[in-house]
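Asks: need coordinates for the following:
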Amino acid sequence: MRPGKKLTLGILPAFLCLLAMLLVACGGGTSGTTTNSQKATDSKQVLVVPLPVTDVKTWDPALSADLYSTQAIDAVFTGLVQLDDNLNIHPQLAQSYSVGSDGVTWTFHLKPNLKFGDGTPLTSQDVVFSIDRALDPALGSPVGPYYLALIKDSDKRASKKIPTLIGDSLMAPDANTVVIVTNKKAQYFLDALTYNTSYVVEKSMIQKYGNNFVSALNTGMGGAGPFTVKSYQHGKVINLVPNPYYYGPKPQLKELRFVFYSNPSTAYRAYQAGQISQTGIPTTDLASAKQLTNEYHAYPVLANSYMAMNYLTKPFDNIKIRQAFALALNKDVIAHNIYKDTVIATNHIVPKGMPGYDPNLTGPMGSTTAGNTTEAKTLFQQGLQEEGYSSVSQLPPITLTTSTGGNVDARNENAAEQSMWQNTLGVHVTINDEDFNKLTSDTTAAINNPKGIQMWEIGWIADYPDPQDWTTLQFDNGAGQNGMNYGQNKSSDAAQQVAVQKELEAADVNPNQTQRFQQYNDAEQKLVNDVAWLPVYQQEVQALIKPCVTGVVNNAQSLTPPDDWGNIYINTNSNCSNATVQ
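Replies: Numbering: from 1, shown residues only. Presented below is the predicted three-dimensional model:
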């Protein structure tokens, strides 16, 4: 399944396998569930997956910007192109695609006889309608205007200057052909098109039910993906069944069930009781879980946990104070003492394993991830003086907003960070632990908002295998993820930030891949020096999966391509969940 984006603090190491079951850093291979067992009866073809949130935030592909909503969406909706198990782009709803000699005119020919889950034909009109809808300012997508920014005149559509892109840069010359015109040549256009913002929704469903269409999904309406919604009980469970009209290999599962477990310990106990097919592992249970050799899996993934600071709020408009907060943290202690080395301390924004990863990047004070308390104190005092504060007591109250979802390790991490700042800088930081969906809303609301949240910790998992997803998408002027307000503030180093944004924009359109990656590397180093993000650790999966689950393919990005569901089934191994088809 596609990654969704923002991640709950501390949850990913325990739950990422719930999104793609099994992962490796560089892809390839099938899952470790090797068995000579035969396929189980139809009544046992149920995969039960826990989600570590109270509910999905949205079912709308155009609105989804978090990992957990995207998991459900990915099973029901698809787009023109998607990533395969090796992270290569391949046609999905499209049968083929090509770009014209001008480098900006893209033509997609749809597969024949496509249908939505209710049997309604899917045509090029649905495709252009869906992409145009994601840019409709009335919908208010937090991600559409940026993921689709390469489409010609998308900025005019998002700013209400034109009523539609259909007939302009989105065209449907016949029922099976889609033409998209971009505003510039860009190597990552197809990568961006794999994100769920471009997924196709049924035009007639939106016309009938509007944007609040969730109640219609159990009729089969909505998407053309491998599954349709059988039932959805808010905050409890989602039941999906195979889409009889799916154009690809039909799922062998008879039911895919998502159950909401906001507390990871509760999910772990449910796994032990045979209620779910897979689970994350609380650190307190890690030693015993590792003994289950045919169930235990551990893999690094393309996901980082990081802190962000709102440059429009005091005192984080001062670069030295930001750097002091960064250097006061000993990330090695966090990774080793709290997460028991199930995460990797890092200074990187672009994670290890991503194309364009820079092994030579350093933190604000060298390559160490252990921090530097002496330098932190010096920078902090200099920053206070520059801001006119004679003592720490004159600082405004400082709050770190986070979402642990009840995860004990994440709470212990926040407590350790709180202690490090207190001991090194003499600053008391209040922890505000809130619901994950509220946190994602708060980070969006921080954009251009001096009254937005000051500082937060959250996670990010790759959308597509390109450093643009970790750089321009986060920090460019007007970017939908730029709640930090990098380059859109009045701090003393704002001009330097704008220069970094220009460097990122130049990298985006550079046709020379080697030069392009070097530009991203150079910009990333400046971003780290600026503490545009404060990376804490790269995520790893620590998970158990029942050996009765067969056919999953490993990949680096925690995605299960739609066609892969045709290979996934439950075998007759007795170590399985007790779920049956309802």
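Asks: point out where the stretch 451-582 of the chain drops to low pLDDT.
Replies: Judged by pLDDT under 70, the stretch 451-582 of the chain has its weakly predicted residues at 553-559.
Asks: and the helices in the stretch 151-300 of the chain?
Replies: Listed in chain order, the helices of the stretch 151-300 of the chain (DSSP state H, counting those that start in this stretch) span residues 154-158, 189-193, 203-209, 264-272, 286-290.
Asks: need these in TSV with distance to residue 359, can you?
Replies: Yep, even glycine has a C-beta here, placed from its N, CA and C like the rest. Converted to TSV, those look like this (distance: least, CB to CB, whole Å):
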stretch	distance to residue 359
helix 154-158	35
helix 189-193	23
helix 203-209	47
helix 264-272	32
helix 286-290	29
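Asks: of these, which is nearest residue 423?
Replies: Put simply, out of the helices of the stretch 151-300 of the chain the one that sits nearest residue 423 is helix 286-290, at 27.9 Å, with distance taken as CB to CB.
Asks: what is that closest one packed up against?
Replies: Packed against helix 286-290 by the contact rule (3 or more CB pairs under 8 Å, 6 or more residues apart in numbering; DSSP states H and E) you find strand 534-545.
Asks: on that earlier part again, wait, which of the helices of the stretch 151-300 of the chain is closest to residue 108?
Replies: Across these (criterion: CB to CB), the nearest stretch is helix 189-193, sitting at 9.3 Å.
Asks: related to what we said a few turns ago, which among the helices of the stretch 151-300 of the chain is found nearest to residue 552?
Replies: When those are ranked by distance to residue 552, counting by CB to CB, first place goes to helix 264-272 at 16.7 Å.
Asks: next, the buried residues of the closest one.
Replies: Going by neighbour count (16 or more other CB atoms under 10 Å), the buried part of helix 264-272 is 264, 265, 267, 268, 269, 270, 271.
Asks: go on, stretch 445-464?
Replies: 446-447, 452-464.
Asks: which one of those residues is nearest residue 498?
Replies: residue 447 (16.3 Å).
Asks: quick one: that closest one and residue 482 touch, right?
Replies: Yes - the pair residue 447 and residue 482 passes the contact test of CB atoms under 8 Å, sitting 6.1 Å apart.
Asks: going along the chain, name the helices of the stretch 351-500 of the chain.
Replies: Using DSSP H, counting those that start in this stretch, helices in the stretch 351-500 of the chain cover 373-386, 408-425, 436-445, 472-475, 494-508.
Asks: show residues contacting the last one.
Replies: Residues outside helix 494-508 that contact it (CB atoms under 8 Å, 6 or more residues apart in numbering) are 186, 188, 468, 471-472, 475-477, 486-487, 489, 491, 516, 519-520, 522-523, 526-527, 530, 532.
Asks: convert it to CSV, retaining C-alpha atoms only.
Replies: Taking C-alpha atoms only, helix 494-508 is exported to CSV below (Å, rounded to 0.1, in the frame of the first residue of the first chain):
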residue,chain,number,x,y,z
ALA,A,494,15.2,35.0,5.7
ALA,A,495,17.0,36.0,2.5
GLN,A,496,19.4,33.0,2.8
GLN,A,497,16.3,30.7,3.2
VAL,A,498,14.8,32.2,0.0
ALA,A,499,18.1,31.4,-1.8
VAL,A,500,17.9,27.8,-0.7
GLN,A,501,14.3,27.6,-2.0
LYS,A,502,15.6,28.9,-5.4
GLU,A,503,18.3,26.2,-5.4
LEU,A,504,15.6,23.6,-4.8
GLU,A,505,13.5,24.9,-7.6
ALA,A,506,16.4,24.8,-9.9
ALA,A,507,17.1,21.2,-9.0
ASP,A,508,13.5,20.2,-9.7
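Asks: that one: how far from the chain's middle?
Replies: How far helix 494-508 lies from its chain's middle: 24 Å, per CA atoms, centre = their mean, to the nearest Å.
Asks: next SSE downstream of that helix?
Replies: Toward the C-terminus, helix 494-508 is succeeded by helix 513-530 as the next helix or strand (DSSP states H and E).
Asks: buried sites along that following helix?
Replies: Within helix 513-530, the residues scored as buried using 16+ other CB under 10 Å are 516-517, 519-521, 523-530.
Asks: give me the low-pLDDT residue ranges for this protein?
Replies: For the chain (pLDDT under 70), the answer is 1-36, 553-559.
Asks: per-domain residue ranges of it.
Replies: 46-259+546-570, 299-540 (the TED database).
Asks: need the distance between the two termini of the first one.
Replies: If I follow you right, that is domain 46-259+546-570. Using CA to CA, to the nearest Å, the end-to-end distance of domain 46-259+546-570 comes out at 7 Å.
Asks: give me every residue that touches the residue nearest to residue 540 when sequence neighbours are not counted.
Replies: Beyond its immediate neighbours in the sequence, the residue positioned closest to residue 540 (CB to CB, 6 or more residues apart in numbering) is residue 300, lying 4.9 Å away. Counting by CB under 8 Å, 6+ apart, residue 300 touches 25, 344, 352, 353, 538, 539, 540, 541.
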